[in-house]
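1. Sequence below, structure please.
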Amino acid sequence: MNNPVVFVDPDGRDFGLYIDFEKGTVTVRATYYTTNQDKNSATNATKSWNEQSGKFSYSYTDEKGNKQSLKINYELNVEVVTPSEGQTEMGALNQALSSNTSGEGNVYKVVDDNKLDANTNGTTSQNFIQVKNSKKDAETGSHEVGHSLGLIHSEKGLMTASSTDPNRNNNVQSDNVSNTLNSVGSNRNNPNNVNNPIESGAGRATLHLQGASNPRAPQTDKGYRKLRNGTVE
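-> Below you'll find the model as predicted:
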């Protein structure tokens with residue numbers, strides 16, 4: 001799925017996870033580089049995730065025994081890349097991705113149906129998303145964006161493996177969001193440590209803890225352990 005000849009993954013990171021103890025929020029951020037002809041598909045795919053903002057919370061018990069709850073928000077942006085004279089689309093997308101040093105860059109590309117297997121509507125290899133042209137207006141794009149945020153397949157909702165599964169719909173489940181928050185590997189020596197994705201090919205996070213002096217923030221090994229063991233509600 002990821003051909004190094006045509007695609008460059010400069011840092012192995014695909015989305016940012018910002019935990020702000022002052023504001024009481026968790027924000028998932030990513031940028032999806034695409035071409036003008038694929039803009040609508042990419043915009044719709046990210047919109048379905050941005051609309052999940054405020055619907056879920058990350059809850060944990062702090063080191064003093066107080067229950068804390070952080071609202072989960074999504075800030076997924078689409079940026080259109082225009083190839084310069086003599087430059088291919090993939091060359092322009094690679095250039096944009098390589099210039100993004102945030103660890104939050106991705107490529108979103110609609111491809112001819114014959115570029116993917118007959119039973120495959122879309123693929124995600126870390127931060128490279130491909131969606132069949134015939135499925136560019138379906139929920140396939142949102143499903144693949146989910147994979148770029150570290151999500152694995154689930155038994156129902158948007159992240160079911162097959163688009164023909166009767167349990168497949170546009171709904172995002174709490175266990176889907178938990179996949180993203182499982183990236184939190186914080187400890188006292190390395191507060192911004194991240195866990196590897198549950199499945200190979202899924203997106204990997206860059207973690208940012210903010211507001212360290214706030215009472216919600218962990219200060220001890222016990223506090224970091226409790227933060228890591230939080231749940232999505």
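2. need the helices for the protein, in chain order.
-> 39-50, 89-99, 140-148, 174-181, 221-228 (DSSP state H).
3. Any idea which of those helices gets closest to Ser200?
-> Ser200 lies closest to helix 140-148 among the helices of the chain, at 11.1 Å (C-beta to C-beta). Every C-beta, even on glycine, is put in place using the N, C-alpha and C of the backbone.
4. what packs against that closest one?
-> helix 39-50, strand 105-111, strand 122-125, strand 128-132 (3 or more C-beta pairs under 8 Å, 6 or more residues apart in numbering; DSSP states H and E).
5. quick one: the residue positioned nearest the centre of the chain from Glu75, how far?
-> Compute the mean C-alpha point of the chain, and by C-alpha atoms, centre = their mean the closest residue is Leu149, 1.9 Å away. Using C-beta to C-beta, to the nearest Å, Leu149 is found at 12 Å from Glu75.
6. now swap in Glu233 and tell me
-> 21 Å.
7. quick one, which of the two is more surrounded?
-> Glu75 (16 against 12; other C-beta atoms under 10 Å).
8. and the longest strand along the chain, average pLDDT?
-> Longest strand of the chain, by residue count under DSSP state E: strand 67-80. Strand 67-80 shows a mean pLDDT of 98.
9. what do you get for stretch 102-115?
-> On average, stretch 102-115 scores 95.
10. tell me how far the ends of it are from each other?
-> 30 Å (C-alpha to C-alpha, to the nearest Å).
11. quick one: low-confidence ranges for this protein?
-> Within the chain, the ranges that satisfy pLDDT under 70 run 1-12.
12. for the nearest residue to Phe56 once chain neighbours are set aside, what are its contacts?
-> Nearest non-adjacent residue to Phe56, counting by C-beta to C-beta, 6 or more residues apart in numbering: Ile72, 4.5 Å away. When contacts are counted by C-beta atoms under 8 Å, 6 or more residues apart in numbering, Ile72 is found next to 25-28, 52-58, 177, 181, 232.
13. Generate the ChimeraX command that creates a selection of the buried members of these.
-> Command for ChimeraX that selects the buried part of the contacts of Ile72, burial taken from 16 or more other C-beta atoms under 10 Å:
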select :25,26,27,28,52,56,57,58,177,181,232
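14. OK, contacts around the closest residue to Ser84 other than its chain neighbours?
-> Excluding the flanking residues, the one nearest Ser84 by C-beta to C-beta, 6+ apart is Ala92, at 7.0 Å. Shown in contact with Ala92 (C-beta under 8 Å, 6+ apart): Thr35, Val81, Thr82, Pro83, Ser84.
15. Could you measure from Ala92 over to Ser102?
-> From Ala92 over to Ser102 (counting by C-beta to C-beta), the distance is 19 Å.
16. do the same with Lys136
-> For Lys136, the distance to Ser102 - C-beta to C-beta - is 27 Å.
17. Of those two, give the one with the bigger neighbour count.
-> With neighbours defined as other C-beta under 10 Å, Lys136 and Ser102 compare such that Lys136 has more, 20 against 13.
18. who touches the residue nearest to the more buried one when sequence neighbours are not counted in this structure?
-> In this structure, Lys136 finds its nearest non-sequential neighbour in Ser41, 4.1 Å apart by C-beta to C-beta, 6+ apart. By C-beta under 8 Å, 6+ apart, Ser41 lies in contact with Thr34, Tyr108, Val110, Val131, Lys136, Asp137, Gly141.
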